[in-house]
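S.K.: only the shape, not the letters, is given here:
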Ligand SMILES: O=C(O)CCC(=O)C(=O)O
Ligand SMILES: [Fe+2]
C-alpha cells in the first residue's frame, strides 16, 4: 500500500522502461483512443512557413485560423543548439531510474523536475512516457543528477529557453497585432518575472514492445498561448474534424508551433487550439522538447481583451478567466476544459 505520501507521488512516477520486456496491462489503451492514423492519398498537409518569407505574417494567421499548427523554418534558432538540447535531454533520460527519481516533481507544486505529467492521475491508463520540466534555471536539479558535471546541461537549457522566449515574443506580437490587441494591454514580455510563465518540457518516449496499444501522450490541447515544439522524429499526430488523425512529418530544421487554449480564448474562438497526441514506436527512443508559454498566472484574460472586443463589436464567446482558475478546470475536464469557459 505505502504511506499516504507515497500514494500522492505514485501517479507521477514513470515505469522503469529499461527493466521491462513486455508492456504491463495498465498501459494498454482502449482501441478508440489509439485508433489509426488517416492513410488516404488526399491527406491535407500541415502548413510549412518560412519566417523570412515576406508573406509569413499572412500565412501564419491563415494557419492559426484553419489548423492551429504549422511548421516553421527560417526561425533563426541555430541547428547546433537544437541538436545540443536534444542530446542533453537524451543524456538525462539515459540515466538510471533511481538517479532520475531524485528530482521527482512534487504533485500539486510547481511541477519542475522528473516524472509523468500530473494530469496522468485523471487518465484511465498509463503513458509510455517520462518527462523533465524546466522553468528558468535547471541548476538545482542538474546538480543532483550530475554532481560534478552539470554546467553543460544548464548552459544549453538556458540558451535554448532564451532563444525560445525571443521567438515566442516575435510570434505573439505578430498575432496580437492582427487581433488588434495593443502592446499597452499586454506588457507581459517586459516583465522580468515572466520567466515563470513559460516552461520547457523535455519528453522521452522509450522504444515500446507493444506500440499499437500504447500512447505516449493522450489526445489533448495545450493550455498555453502557444507551444514551440522541437520534434526531430515522427510520432506527433493532430486531429482534424472530418479527416481524423494526421501524422506530422519530421523536418529536422523546422520547429512546430501549435496554438493552445489561451490563444483560442483570446482570439474569441477564431484560432484553433489543436487536438494532438503522441504515438510511440518499437524501434527508437523518441525525444521531443516543448516550450509552453502562458499569460501571467493572475492576469484576467478575456476575448480580444476588453478594449478591442468593444471596438470590434463582437460578442464574447468566452468569459474572462485567469490561468490559475483555468488550471483547475483543466485538471477536472482535461481536453474538454475550454467548453466550460463558454459564455
Ligand atoms: O512529443 C511531442 O511531439 C508533443 C509533446 C506535447 O504535445 C506536449 O508537450 O504538450
Ligand atoms: Fe501538447
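M.R.: Received the coordinates, thanks. Nothing here was measured: the structure is a model prediction, and the numbers come from that model. Residues are numbered from 1 along each chain as shown. Ligands and ions are numbered 1, 2, ... in the order given.

S.K.: C-alpha from now on. contacts and neighbour counts both.
M.R.: Will do.

S.K.: which residues sit against whichever strand or helix holds residue 245?
M.R.: Taking DSSP states H and E as the definition, residue 245 sits inside strand 244-247. Under the contact criterion C-alpha atoms under 8 Å, 6 or more residues apart in numbering, strand 244-247 has outside partners 36-38, 43, 234-240.

S.K.: quick one: strands adjacent to the helix or strand that comes right after it?
M.R.: Sequence-wise, the next helix or strand downstream of strand 244-247 (DSSP H and E) is strand 255-259. Counting by DSSP bridges, the strands paired with strand 255-259 are strand 69-73 (antiparallel), strand 226-230 (antiparallel).

S.K.: sec struct for residue 107, please.
M.R.: coil (DSSP: H, G, I helix; E, B strand; the rest coil).

S.K.: run a quick neighbour tally on it.
M.R.: 18 (other C-alpha atoms under 10 Å).

S.K.: where's it relative to residue 259, distance?
M.R.: 26 Å (C-alpha to C-alpha, to the nearest Å).

S.K.: can you show me the helices along the protein?
M.R.: Using DSSP state H, the helices of the chain run over 4-10, 56-66, 79-93, 97-100, 139-145, 151-179, 261-266, 305-312, 323-333.

S.K.: tell me the most buried of these?
M.R.: helix 261-266 (a mean of 26; mean count of other C-alpha atoms under 10 Å).

S.K.: average pLDDT across it?
M.R.: Average pLDDT, helix 261-266: 95.

S.K.: off-centre distance for it?
M.R.: 15 Å (C-alpha atoms, centre = their mean, to the nearest Å).

S.K.: what is the burial count for the closest residue to residue 287 other than its chain neighbours?
M.R.: Excluding the flanking residues, the one nearest residue 287 by C-alpha to C-alpha, 6 or more residues apart in numbering is residue 204, at 4.7 Å. By the measure other C-alpha under 10 Å, the count of residues near residue 204 is 23.

S.K.: got the contact list for residue 204?
M.R.: 90, 93, 129-131, 285-288.

S.K.: returning to that earlier point: comparing the helices of the chain by mean pLDDT, which bottoms out?
M.R.: Among the helices of the chain, helix 4-10 scores lowest, with a mean of 62.

S.K.: contacts only, for residue 176.
M.R.: Counting by C-alpha under 8 Å, 6+ apart, residue 176 has contacts residue 182.

S.K.: ok, it to ligand 1 distance?
M.R.: Separation of residue 176 from ligand 1 (C-alpha to the nearest ligand atom, to the nearest Å): 22 Å.

S.K.: residue 205 versus that residue, what's the distance?
M.R.: Residue 176 is 35 Å from residue 205, by C-alpha to C-alpha.

S.K.: cool, and residue 94?
M.R.: Counting by C-alpha to C-alpha, the gap from residue 94 to residue 205 is 11 Å.

S.K.: ok, now which ones touch the residue nearest the centre of the chain?
M.R.: By C-alpha atoms, centre = their mean, the chain has its centre lying nearest to residue 290, at 4.8 Å. Counting by C-alpha under 8 Å, 6+ apart, residue 290 touches 200-203, 227-230.
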